[in-house]
Structure formats: C-alpha cells, structure tokens
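# Show me the folded form of this:
(chains A and B)
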Amino acid sequence: MSETVLKTENLTKIFMVRGKKAFAAVDHVSFQLKKGETLGIIGESGCGKSTLAKLLCRLQEPTEGTVELCGQDITKARGAELCSAYRHIQMVFQDPVSSFDPRKTLGDGIGESLRNTGKSRREAELRVRELLKQCGLPGEFAGRYPHEVSGGQCQRAAIARALAVEPEVLICDESTSALDVTVQKKIMELLGRLRVDTGISCIFICHNLALVQDFCDRLLVMYQGKIIEEGTPDEVIFCPKEAYTQMLVDSVLG
Amino acid sequence: MCELLTFQNVSVAFHKNTVVHQVNFSLKPGESLGIVGESGSGKSTILKAAMGILENGGRVTEGQILFQGRNLCEMKEKELRTIRGAGISMIFQDAGASLSPIRTIGEQIHESMSAHQKISRQEAFQKAMGLFEKLHFQNGERVWNSYPFELSGGMNQRVGIVLAMLMEPPLLLADEPTSALDVAVQKQVVQEMKRLREEFGTAEILVTHDIGVVRAMADRILVLKEGRVVEYGAAEKVLTEPEASYTKELLAAVPRLRRNPG
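Predicted structure coming up:
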C-alpha cells in the first residue's frame, strides 16, 4: 500500500517571454503519490495546476527537477523509453470532445494505444468494447465520432482510452468541470468504482473544493506555482493553516 | 403596472424544432429570478428571446413576452434597439469575448452610451467612473484605458456588468455570468450583482447551472428540463422542499462543501 508510484522533486517550469520577466508557472514542487492513493490538487486558475499535470506526463519539458514514475526517472526519457512510460501514466483532460481526433471514431482513439503495444486489430476491437462497457457505454459507441456523442459520453470514452493500457497512474485535469452536475456526479461515481476495481492511483486536479472533499485521500493547495499547504481534505478544509486556503474555503457559495 | 417582464405561454422554435415549450413566469421590479437546468435545456434561449436576439432562425412561435406591458415579439427591430441597453441589458458568460479585442474598454463604453444619447467622451468617462466607484472597483482609470486582453477574466466580467448597467436598465439578464470564473472572483461578481439590486433596484434574471450561485442570489427559481418548466417557485422552497423529482435529482448531484462543525 505504501509503495510510491510517482514522485517529483523540485519540479519547476519557467516560461520565458521576450521582453517580459521570466515566469515560474511551477516552482520547486515536490510530492509523492502512493499506490492506490488519490491526490487532489486545488487552486485558482493560473496557479500552475495544469502545467504541473503536463509536466508529470511529459507533455511539457520541465526547466528543473525530476519526475520519477514507478521507480524510473522519466524526466529525460525519449522515444521508446517515453512510449513505455505511457503504459504507466495516462491523462483525462477537461474538454473530452477536443481530446479526440474529430476524423476518427472513438473506437480508433481508444484502440490506438492498444495497437501501439502490439495487439492485433481484432484483439484491440474486443478490448475497446470491453473498456467502453466498463465505463458505462454500449459497445457500439466504438463506431461513433466525437461530435456524435454528448460531453458526458465522450468523457466516459476518454476515461476508457486512459484505462486501455492499464496504467498505474491516472491524471485527471479538471475532468468533470465542463460537465453538467448530474453528469459530473455519474462520472465521479465511475471514477470511484474504477479506483476500487483497478487499484489505480489518481491525481485529481480540480478547482471545486466540494468535489475533492469526499473523493481524495490527500490534498495539495497550489498558489503561484508553489505548494503552500498539504493534508487530508478534512485538515485542509476544516482548519486551513494558510490565509490563501482559508480564502478559497470562504469563497465557496451555498 | 407591477409586472416588469411577463412570459405568457412562450414557445420558441428553431426551424420547426421546438426547444422551449409554453413557458410562463413573471418578474416584478427589483426581483431576482434564477433559471437552472442542464445544458441544452433551453435556459439561454429564454434569455435570448427576451432580448430579441435569437439566432439561426429561432422564433417565438407561441405566446407573448411583455416588457412593461408591451409585447416584445411584435416590435420592430428599430423599437427593440431602444429597449436593448436602456430597458433590458445582458451580461454574457464570456464577457472578454463579447468585447472588441482591438479597442479599449473606454472606447467601447463610450460607444454603447452614444447609441442611446448624445454624450461626449468626457461625460461617458465621468459616468463610468461613478459606476466603477459604486461597484467598489479599484483603479477604474486603468481599466478605462485597457484592452480586454490586458484584464483578467474576472475583471472583464465586471466590465461587462458595468457596460450592461450604464443606462441603468430596470432589467438585467445574465447568462452564466460566473461559470467561467474562479471561486474567489465568482463570489465578488455575485456580490456586485447583489449590490446592483440594492443600488438601482434592478430586476435580474440569472441563468446558470450553478446551484450555489442561485442559492446566493435568487428570490424565485425556475427549473427547466428539455425546454419545459419542471418547477417554479420561491427560492427557499424549491431548494429545501423540491417537489419535482428532477429538481431533487439536480439538487442531489450538487457537491456541497462540509465545513468545520466547530
């Protein structure tokens, strides 16, 4: 249970804009994610949450620091090495429709990683149907295009795609923010169930405090690229140590 | 003359495809109505119908929309233009995008005021500063000289509110005014809209999927599902003792923050 699957040390991303001061979007962030744990990252927009998510998946190059995935340093991984890292880490984005290729079916999108890992077309197709069912969609959705399904259905397909390679770590970057509350609830139930079934570790990036409260084991509060507070949801929400966290909690309406 | 806006049996259709079915509600001056529902339920269409800005061949096919006793559906475009801005104005979800990116906020404020009256740039500036001040807006002058992209999303949204309130219209329509904002800024915008009601007695229709915002602002709530009114009543009652099963389902889906019991 206490095995560490993902670890960062002093992870930093500095954006250089000509004529402007260098901007540290992520500033010396260090944390560990244990096996089976769900770690929530909260903060306002612009605080560096999404940049951090991209650094973890190597969608952006860090300026400094390291990312260690299942005991392997992937900070400098390239080519085949990076490809194999993606068998362990997958991401679900905020806007499901734009995360799929509009000219390809959902089945193509979900099956791509399977075929890349050496499965035959037939095997991949069967697995895609299985994955869709696991995520609460009928198998025939494999033949649909992203614009033919609703946002919630598309997000289910995106989760199926992320789970296809049976990764150890799932990164959800505002995965339910664009959805209606009723759909959001169903997606959260799905994620909760998958977490139990597969024992997957999860990084859950979200600006909705009420949503992370019951879903995460531990929370990180980010402000201006730094982690300013860490603790269980109850510790962070009931007795925040930092004034910024207190302000976040006070701002929640209702 | 006590009703400001009345929807009588209003249906709206896009190319024979009816999306809003026989909606009834009314609004008194200074009252605030929250319209909630999922995406695609017709919330925004209702606002657009009231404003007379239905796009893509959308038409009011049945019923009437009365504003201060006059039927908006029978008005000519020219008449409607005198009502938009001065009688009814609107704030959009993405205020930044509803502003012109190549002109300063000041120019745009001046333009929208001169559509209704002869006014010099200086007078418009004074008026806007007064409004900025009433809304506790700091460094209004910097905002006046800024382009939309130089301001944050929250700032742009507040500029949108100022723009909508310039003519002090008796009715303000807000389409998801806080959905694109951070929680902290969201609270500010909600407070600002409440201040408008205290300051100017503006009636508001607030369309949102965020129950928290409605809870904080609305006197009455209308729940919409697939273009039909599912429930309509006092906010307190709808939120605490909902009658329709859909309202119950909607309320149950909203995650609520548990706070420190002590």
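
# okay, CA-based contacts and neighbour counts for the rest of this
Will do.

# so who does residue 124 touch?
Let's take chain A. By C-alpha atoms under 8 Å, 6 or more residues apart in numbering or on different chains, A:Ala124 lies in contact with A:111, A:114-115.

# look at chain B instead
Taking C-alpha under 8 Å, 6+ apart, one finds B:109-110, B:113 in contact with B:Ala124.

# Roughly how far does it sit from B:Thr18?
42 Å (C-alpha to C-alpha, to the nearest Å).

# need the contact list for the closest residue to B:Arg84 other than its chain neighbours.
Nearest residue to B:Arg84 in three dimensions, chain neighbours excluded: B:Met51, at 6.9 Å (C-alpha to C-alpha, 6 or more residues apart in numbering or on different chains). Contacts for B:Met51 (C-alpha under 8 Å, 6+ apart) come out as B:84, B:88-90.

# what about the one residue in the stretch 1-150 of chain A that gets nearest to chain B, which SS state?
Closest to chain B within the stretch 1-150 of chain A is A:Glu44: 5.9 Å, counting by C-alpha to the nearest C-alpha. Classification of A:Glu44 by DSSP: H, G, I helix; E, B strand; the rest coil places it in coil.

# distance of it from A:Lys13?
18 Å.

# Same question for A:Cys57.
Counting by C-alpha to C-alpha - A:Cys57 and A:Lys13 are separated by 13 Å.

# Could you list every helix and strand that the helix ranked longest in chain B packs against?
If you go by DSSP state H, chain B has its longest helix at helix B:183-200. Applying 3 or more C-alpha pairs under 8 Å, 6 or more residues apart in numbering or on different chains; DSSP states H and E, one finds that helix B:183-200 contacts helix A:243-251, helix B:153-165, helix B:211-217.

# now these in a markdown table, with mean pLDDT?
Putting the helices and strands packed on helix B:183-200 into a markdown table (pLDDT from 0 to 100) gives the following:
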| stretch | mean pLDDT |
| --- | --- |
| helix A:243-251 | 91 |
| helix B:153-165 | 85 |
| helix B:211-217 | 89 |
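
# hey, which of those is tucked in deepest?
helix B:153-165 (a mean of 23; mean count of other C-alpha atoms under 10 Å in any protein chain shown).

# State the helix or strand in which the closest residue to A:Asp95 other than its chain neighbours lies.
Leaving aside its sequence neighbours, A:Asp95 sits nearest to A:Ala178 (C-alpha to C-alpha, 6+ apart; 6.7 Å). Per DSSP states H and E: A:Ala178 is located in neither a helix nor a strand.

# which parts of the stretch 151-262 of chain B sit against chain A?
Within reach of chain A by C-alpha under 8 Å from any C-alpha of the partner chain, the stretch 151-262 of chain B has these residues: B:182-184, B:186-187, B:209, B:211-213, B:215-216, B:249-250, B:253-261.

# Taking those, please make a ChimeraX selection of just the buried ones.
Restricted to buried positions by 16 or more other C-alpha atoms under 10 Å in any protein chain shown, the ChimeraX selection for these reads:
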select /B:182,183,184,186,187,209,211,213,215,250,253,254,255,256,257
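
# So what are the sheet partners of whichever strand or helix holds A:Glu230 and their directions?
Using DSSP H and E, the element containing A:Glu230 is strand A:226-231. Using DSSP bridges, strand A:226-231 pairs in its sheet with strand A:218-223 (antiparallel).

# Count residues in the vicinity of A:Leu209, would you?
23 (other C-alpha atoms under 10 Å in any protein chain shown).

# Excluding covalently adjacent residues, which one is nearest to it?
Nearest one to A:Leu209, counting by C-alpha to C-alpha, 6+ apart, is B:Leu257 at 6.8 Å.

# ok, the one you found - contacts?
A:209-211, A:213, A:252.

# Let me know the secondary structure of it.
Classified using three-state DSSP, B:Leu257 is coil.

# could the contacts of B:Ala124 be laid out in TSV, adding neighbour count, pLDDT and secondary structure?
Converted to TSV, the contacts of B:Ala124 look like this (neighbours: other C-alpha atoms under 10 Å in any protein chain shown; pLDDT from 0 to 100; DSSP: H, G, I helix; E, B strand; the rest coil):
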residue	neighbour count	pLDDT	secondary structure
B:Ile109	22	92	helix
B:His110	21	93	helix
B:Met113	21	89	helix
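
# Let me have these in CSV, adding distance to A:Lys34 as columns.
Formatted as CSV, the contacts of B:Ala124 follow (distance: C-alpha to C-alpha, whole Å):
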residue, distance to A:Lys34
B:Ile109, 54
B:His110, 57
B:Met113, 59
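
# out of the contacts of B:Leu257, who's nearest chain B?
A:Ala210 (4.2 Å).

# So which residues of the stretch 51-200 of chain B form helices?
B:77-83, B:95-98, B:105-114, B:121-134, B:140-144, B:153-165, B:183-200 (DSSP state H, counting those that start in this stretch).

# what kind of secondary structure is A:Ser50 in?
helix.

# and it, what does it touch?
A:173, A:205.

# And for A:Thr63?
By C-alpha under 8 Å, 6+ apart, the neighbours of A:Thr63 are A:11-14.

# quick one: which helix or strand includes the residue positioned nearest the centre of chain A?
Centroid check for chain A by C-alpha atoms, centre = their mean gives A:Ile171 as the closest residue, at 1.8 Å. For A:Ile171, the host element (DSSP H and E) is strand A:169-173.

# how distant is whichever helix or strand comes after that strand from the center of its chain?
Next helix or strand after strand A:169-173 toward the C-terminus (DSSP H and E): helix A:181-198. A distance of 14 Å separates the centroid of the chain from that of helix A:181-198, by C-alpha atoms, centre = their mean, to the nearest Å.

# and after helix A:181-198, which helix or strand comes next?
strand A:201-205.

# Report all helices and strands that that following strand contacts.
Counting by 3+ C-alpha pairs under 8 Å, 6+ apart, strand A:201-205 packs on strand A:38-42, strand A:169-173.

# Distance check, the nearest residue to B:Ser39 once chain neighbours are set aside against A:Ala80.
Of all residues not flanking B:Ser39 in the chain, A:Asp180 sits nearest, at 6.7 Å (C-alpha to C-alpha, 6+ apart). As judged by C-alpha to C-alpha, A:Asp180 and A:Ala80 stand 39 Å apart.

# Next: B:Glu241.
59 Å.

# What's the local residue count around residue 220?
No chain was given, so I picked chain A. 21.

# Actually, chain B is the one I wanted.
With other C-alpha under 10 Å as criterion, B:Arg220 counts 21.

# same deal with A:Leu6?
Neighbours around A:Leu6, by other C-alpha under 10 Å: 24.

# Dump the contacts of B:Ala124 into JSON lines; add distance to chain A as well.
What follows is the contacts of B:Ala124, written out as JSON lines (distance: C-alpha to the nearest C-alpha, whole Å):
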{"residue": "B:Ile109", "distance to chain A": "28"}
{"residue": "B:His110", "distance to chain A": "31"}
{"residue": "B:Met113", "distance to chain A": "33"}
